[in-house]
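K.L.:
With the sequence up front, the predicted model follows.
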Protein chains: 2
Amino acid sequence: MIKMENNKKYSKILIIGLGLIGGSYAQGLSKKGFNLYALNRSQKAIDYAINNNYIIDGFTFDNIPNGFLSSFDYIIMGLYPKAMMDFLNLHKDELNKNVIITDVCGVKQVFINDVQNLIDGEFIGAHPMAGREVSGIENADYHIFKDANYIITPTEKNTEKGINFTRMIGEELEFRHIAILSPQKHDEMIAYLSQLTHCIAVTLMTSRNSEQFINYTGDSFRDLTRIAKINENMWCELFLENKKDLLSQMDLFIKEILKLREAIEKEDQETIKNMMKLSTERRKKFDNK
Amino acid sequence: MIKMENNKKYSKILIIGLGLIGGSYAQGLSKKGFNLYALNRSQKAIDYAINNNYIIDGFTFDNIPNGFLSSFDYIIMGLYPKAMMDFLNLHKDELNKNVIITDVCGVKQVFINDVQNLIDGEFIGAHPMAGREVSGIENADYHIFKDANYIITPTEKNTEKGINFTRMIGEELEFRHIAILSPQKHDEMIAYLSQLTHCIAVTLMTSRNSEQFINYTGDSFRDLTRIAKINENMWCELFLENKKDLLSQMDLFIKEILKLREAIEKEDQETIKNMMKLSTERRKKFDNK
């Protein structure tokens, strides 16, 4: 971990959007001694953050003091992609020309070029791959980052300074693993590892009424459907913002399950067993990580 | 739990097939004071069971003493369905005419009528819904039953005596939940809750090379693929023996994921969000169980 002395230059940070993730950033970074300020749509989350000493001060979006935004060299956007773009479009001229802005969004390609062209300062993407089944700053808990990945997604427009700022954030919040991926690779990875798995879990629950079997469910069914409890507004937006990659990954999966279906119908044991052997071999590698 | 005194009539039991499940039955029931004997294809598992005091004595399939099989009123078949049918076909005339036989198979309809017609005694189906990622009696551990369901699958040919015997086995092995389902309902439930989920986990691993993303996998991907490490001989046999039900459940799932795919392609937010809301609502009910 970087020592606090080295982080003095970052000591004043603005967080825009105090939801579960923005709130958990505020909670964790305030514990580490940073001077945090916040902007949020509603007053309630700001009051909560002040009362819990997460932030020094904060304002609602329709009540931002003159000169407030331009006083920050470092900003973390805690908003969903669409809301983030709306905010930056509206306030781009109020930002410090040298500002470094990072985000917490689960998709990147949909906005990264636009936002990098929009602002005079530097925008550097980052994705904390963590969450909870509940939302809102009242449920903030920066310990959710301990077992999670933090992915930094620079483009050719980013600088060492921008990457170092996001890396510092990831380290201070004690993520298990900090990695760098291009926005393209990030979105492909997210489509496969996260979005496709959520599609599958949702589909397992909606494909039939399962209530009659509720007493018989074992670990495997519960494991596969744990993420079927889903925030429909956030996930629907993220699915559509990553539509091209998600459809590609869904198509790979659908093609393959149709192959397995056909093999079962034809009682083609060789194909079935070969798929199972490949699956076993690949999955074993995950246990050592 | 039934007291041991009440179980004296059951005290001598033969287990045929000392794999992981047969071996775990032998381990658990011997601890409860039953006098157990065993038959197994190979000598090695018999030696292991004798050395660990799981059984009093045992023989290989090609070395069964005269009059041995007919001396048992209670038999537990620890074999896969095909091997069980082969054994019973070969030895049906050596069985006690009043024998009660139960099994541990994961599918029922494929053999239940045949086996009930085959033997003079009573065959009563039961399915311990438990397992481990490893096989063989060396990995036997009857504690795996503590969190598991034990399903008894009687037909109109079964008697109170047969059902009581299997229920006693389920109670002595301390299953969390003992239930009765028809063979039809059992197979439908298994196709949906267990076989379809294994199909999905296997397919997720085989649909693309995931190794490049191994460092980025979070809980959701790991949860969905934990059961992708799979014993291909057992599961291929069980899939094909439950082909009709499995294909029905796969078709429900495939139809539904194609619906979600189309909604994403068309950016039909209403359909996407409605599926997510239904999925969330249904899955929540599982948390209270």
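P.N.:
Yep, that arrived.
K.L.:
I'd like the distance between the residue most central in space within chain A and A:N242.
P.N.:
Closest residue to the average C-alpha location of chain A: A:G106 at 3.7 Å, with CA atoms, centre = their mean. A:G106 is 8 Å from A:N242, where distance means CB to CB, to the nearest Å. (Each C-beta comes from the backbone N, C-alpha and C, glycine too.)
K.L.:
One more: A:I214?
P.N.:
Using CB to CB, A:I214 is found at 33 Å from A:N242.
K.L.:
between these two, who's got more neighbours?
P.N.:
Just comparing A:I214 and A:N242: by other CB atoms under 10 Å in any protein chain shown the higher neighbour count belongs to A:N242, 25 against 14.
K.L.:
Run a quick neighbour tally on the closest residue to the more buried one other than its chain neighbours.
P.N.:
Closest residue to A:N242 apart from its sequence neighbours, by CB to CB, 6 or more residues apart in numbering or on different chains: A:V107 at 4.4 Å. As a burial measure, A:V107 scores 27 neighbours (other CB under 10 Å).
K.L.:
could I have the helix-or-strand element of chain A with minimal mean pLDDT exported to PDB, CA atoms only?
P.N.:
None of the helices or strands of chain A scores lower by mean pLDDT, DSSP states H and E than helix A:219-225, at a mean of 90. Only the C-alpha atoms of helix A:219-225 are listed here, as PDB (Å, rounded to 0.1, in the frame of the first residue of the first chain):
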ATOM      1  CA  ASP A 219     -26.400 -26.100  -3.400                       C
ATOM      2  CA  SER A 220     -26.000 -26.200  -7.200                       C
ATOM      3  CA  PHE A 221     -29.400 -24.600  -8.000                       C
ATOM      4  CA  ARG A 222     -28.900 -22.000  -5.200                       C
ATOM      5  CA  ASP A 223     -25.400 -21.200  -6.500                       C
ATOM      6  CA  LEU A 224     -26.600 -20.700 -10.000                       C
ATOM      7  CA  THR A 225     -29.400 -18.400  -9.100                       C
END
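K.L.:
wait, does it contact chain B?
P.N.:
Yes. Residues of helix A:219-225 contacting chain B under CB under 8 Å from any CB of the partner chain: A:219-225.
K.L.:
can you pick the most crowded of these?
P.N.:
A:L224 (28 neighbours).
K.L.:
residues touching the spatially closest residue to it that is not a sequence neighbour, list them.
P.N.:
In this structure, A:L224 finds its nearest non-sequential neighbour in B:T197, 5.0 Å apart by CB to CB, 6+ apart. Counting by CB atoms under 8 Å, 6 or more residues apart in numbering or on different chains, B:T197 makes contact with A:204, A:220-221, A:224, B:227.
K.L.:
The one helix or strand A:I21 maps to and chain B, any residue contact?
P.N.:
Here A:I21, judged by DSSP states H and E, is contained in helix A:20-31. No. If you take CB under 8 Å from any CB as the test, helix A:20-31 misses chain B, and the best it gets is 14.3 Å.
K.L.:
if you average pLDDT over that helix, what comes out?
P.N.:
Mean per-residue pLDDT for helix A:20-31: 97.
K.L.:
What are the buried residues along that helix?
P.N.:
Going by neighbour count (16 or more other CB atoms under 10 Å in any protein chain shown), the buried part of helix A:20-31 is A:20-30.
K.L.:
which residues sit against that helix?
P.N.:
A:13, A:15-16, A:18, A:36, A:38, A:40, A:45, A:48-49, A:52-55, A:76, A:78-79, A:104, A:128, A:130-132, A:134-142, A:144-145, A:169, A:172-174.
K.L.:
what are the C-alpha coordinates of the next helix or strand after it, in PDB please?
P.N.:
Per DSSP H and E, the first helix or strand lying C-terminal to helix A:20-31 is strand A:35-40. The C-alpha coordinates for strand A:35-40 follow below in PDB (Å, rounded to 0.1, in the frame of the first residue of the first chain):
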ATOM      1  CA  ASN A  35     -10.600  15.000   2.700                       C
ATOM      2  CA  LEU A  36     -13.800  14.100   0.800                       C
ATOM      3  CA  TYR A  37     -16.500  16.200  -0.600                       C
ATOM      4  CA  ALA A  38     -19.600  15.000  -2.500                       C
ATOM      5  CA  LEU A  39     -22.400  15.900  -4.900                       C
ATOM      6  CA  ASN A  40     -25.500  13.900  -5.100                       C
END
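K.L.:
Which other helices and strands does strand A:35-40 contact?
P.N.:
strand A:12-16, helix A:20-31, helix A:43-51, strand A:57-60 (3 or more CB pairs under 8 Å, 6 or more residues apart in numbering or on different chains; DSSP states H and E).
K.L.:
Select, out of these, the one closest to B:L118.
P.N.:
B:L118 sits nearest to helix A:20-31 of all those, at 60.2 Å, using CB to CB.
K.L.:
tell me the domain boundaries of chain A?
P.N.:
Domain ranges of chain A: A:4-181, A:187-287, per automatic domain parsing.
K.L.:
do you know which of those lies nearest B:K185?
P.N.:
Nearest to B:K185, of the domains of chain A and by CB to CB, is domain A:187-287 at 8.4 Å.
K.L.:
how many neighbours does A:E232 have?
P.N.:
That count, for A:E232 with other CB under 10 Å as the rule, works out to 18.
K.L.:
swap in A:D73?
P.N.:
For A:D73, the count of nearby residues is 16 (other CB under 10 Å).
K.L.:
Just list the residues touching it, thanks.
P.N.:
A:12, A:96, A:98-100.
K.L.:
any idea of the pLDDT on it?
P.N.:
pLDDT, A:D73: 96.
K.L.:
where does it fall, phi/psi-wise?
P.N.:
The phi/psi pair for A:D73 (degrees, to the nearest 10) reads phi -90, psi -20.
K.L.:
A:S135 now?
P.N.:
The phi/psi pair for A:S135 (degrees, to the nearest 10) is phi -130, psi 180.
K.L.:
right, and it touches A:E232 too?
P.N.:
No. Assessed by CB atoms under 8 Å, A:S135 is found out of contact with A:E232, at 11.6 Å.
K.L.:
Just list whatever residues bridge to A:I16.
P.N.:
Under DSSP bridges, the beta-bridge partners of A:I16 are A:L39, A:M77.
K.L.:
ugh, wrong one, I meant A:I124
P.N.:
A:T102.
K.L.:
How about the contacts made by it?
P.N.:
Counting by CB under 8 Å, 6+ apart, A:I124 makes contact with A:100-102, A:152-154, A:158, A:162-163, A:165-166.
K.L.:
could you redo the last one with a cut-off of 6 Å?
P.N.:
Going by CB atoms under 6 Å, 6 or more residues apart in numbering or on different chains, A:I124 touches A:102, A:158, A:162, A:166.
K.L.:
Distance of it relative to B:L29?
P.N.:
Computed as CB to CB, the A:I124 to B:L29 distance reads 63 Å.
K.L.:
measure A:S182 to A:E156 for me?
P.N.:
Taking CB to CB, one finds A:S182 at 10 Å from A:E156.
K.L.:
When these two are compared, which one has more neighbours?
P.N.:
A:S182 (16 against 6).
K.L.:
so what's that one closest to, chain neighbours aside?
P.N.:
Once flanking residues are discounted, A:S182 sits nearest to A:T153: 6.6 Å by CB to CB, 6+ apart.
K.L.:
okay but that neighbour is in contact with A:Q184, surely?
P.N.:
No. Applying CB atoms under 6 Å as the test, A:T153 and A:Q184 come out as separate, 9.0 Å apart.
K.L.:
Same drill for those two, tell me which one is more crowded.
P.N.:
Between A:T153 and A:Q184, A:T153 has the larger neighbour count (other CB under 10 Å), namely 26 against 14.
K.L.:
Enumerate every residue touching the more buried one.
P.N.:
With contacts defined as CB under 6 Å, 6+ apart, A:T153 is in contact with A:108, A:125, A:181, A:183, A:186.
K.L.:
Across the sheet, point out what pairs with the closest residue to the last one other than its chain neighbours.
P.N.:
Just to be clear, that refers to A:H186. Once flanking residues are discounted, A:H186 sits nearest to A:T153: 4.8 Å by CB to CB, 6+ apart. Taking DSSP bridges, one finds A:G125 as the beta-bridge partners of A:T153.
K.L.:
Test for you: state the pLDDT assigned to A:T153.
P.N.:
For A:T153, the predicted pLDDT is 98.
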